[in-house]
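1. Got a predicted structure here, sequence first:
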Amino acid sequence: MIRAANSTLSETIHFESQRREMVALQIRDRGVRSERVLAAMSAVPRHEFVPANQTAAAYSDHALPIGEGQTISQPYVVAAMTQALSLTGSERVLEIGGGSGYQAAVLSLLASEVIAIEFVPHLADAARDRLARLGYSNVQVEQGDGSMGWPAGAPYDAILVAAAAPDIPAPLVEQLTEGGRLVIPVGSVEEQNLLRVVKRGNQIFSETLFPCRFVPLRGHHGWPHDLQGKIPE
Ligand code: SAH
């Protein structure tokens, strides 16, 4: 028992030091300067969100497979997208493409409430269980087609889309509050630009953050299935 407890403690210390290094070198040094975002990235145990055989690579500088042909995004991308939502703590946030639940966990530390929509039932169930086990009580995970948004919880102060869209889905703009922010990768299946969109009155104002590569958005406002490459059914 003592050995098991010790090894858990040394593992915890090991992961904490990897996480500190990740935040310093991959995130802060590349220009993410929001102290709140850096604190959230320092707090969430990313190794709990990757499959067991990927734990050693959890804090490395790239996306990792999470099963079903899907990925958990690169730490820098998670941090930069989160910063672009300009969260102050009081917001209600919608995430499309919940995947492992990692991005939702980061958002939950910076907002009052997060609703994460995941298309693949098995991933949605796993993310819901994981977030509950780790104590992220202000995140609700729903299975469904998030390309239509999630009207039941609308409007949202911020929406983050973690899958590549052919265009900005109209329902997502409709479900934003006045002054609400939407961060979304838009482009082709192969490559996209990360957009930050702000809704003011009946208009949207859009700025390009950086080029990126996400797995395709499925569903009504996503890509037709035959254009999605190797994504399994
Ligand atoms: N944010 C996730 C990574 C997401 S990868 C994390 O932190 O782990 C993109 C996810 O979007 C995949 O899990 C994929 O199944 C999901 N997805 C694709 N199209 C979707 C849709 N229309 N609605 C909801 N989820 C979708």
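-> Thanks, I have the structure now.
2. The helix or strand bottoming out on mean pLDDT in the chain: how far from the chain's middle?
-> Ranked by mean pLDDT, DSSP states H and E, the helix or strand of the chain with the weakest confidence is helix 2-21, at a mean of 79. In terms of CA atoms, centre = their mean, to the nearest Å, the centre of helix 2-21 is found 25 Å from the chain centre.
3. how about it: buried residues?
-> Within helix 2-21, the residues that count as buried by 16 or more other CB atoms under 10 Å are 15, 18-19. Any C-beta I mention is one placed from the backbone N, CA and C, and that applies to glycine too.
4. ok, these vs the ligand, which is closest?
-> Among the buried residues of helix 2-21, Arg19 lies closest to the ligand (CB to the nearest ligand atom), at 15.5 Å.
5. Next, the residues that contact the strand ranked longest in the chain from outside, please.
-> Ranked by residue count, the top strand of the chain under DSSP state E comes out as strand 176-187. With contact meaning CB atoms under 8 Å, 6 or more residues apart in numbering, strand 176-187 is reached by 81, 84-86, 155-161, 163-168, 172-173, 192-201, 209, 212-214.
6. could you give the mean pLDDT of it?
-> The average pLDDT for strand 176-187 rounds to 98.
7. Burial check on the residue nearest to Val120 when sequence neighbours are not counted, number of neighbours?
-> Of all residues not flanking Val120 in the chain, Glu68 sits nearest, at 4.9 Å (CB to CB, 6 or more residues apart in numbering). Number of residues near Glu68 (other CB atoms under 10 Å) recorded here: 18.
8. what do you get for Met148?
-> The local packing of Met148 (other CB under 10 Å) involves 18 other residues.
9. For Ile117, see how far away the residue nearest to it when sequence neighbours are not counted is.
-> Distance criterion CB to CB, 6+ apart; nearest residue to Met148, sequence neighbours excluded, is Pro171 at 5.0 Å. To Ile117, Pro171 is 12 Å away according to CB to CB, to the nearest Å.
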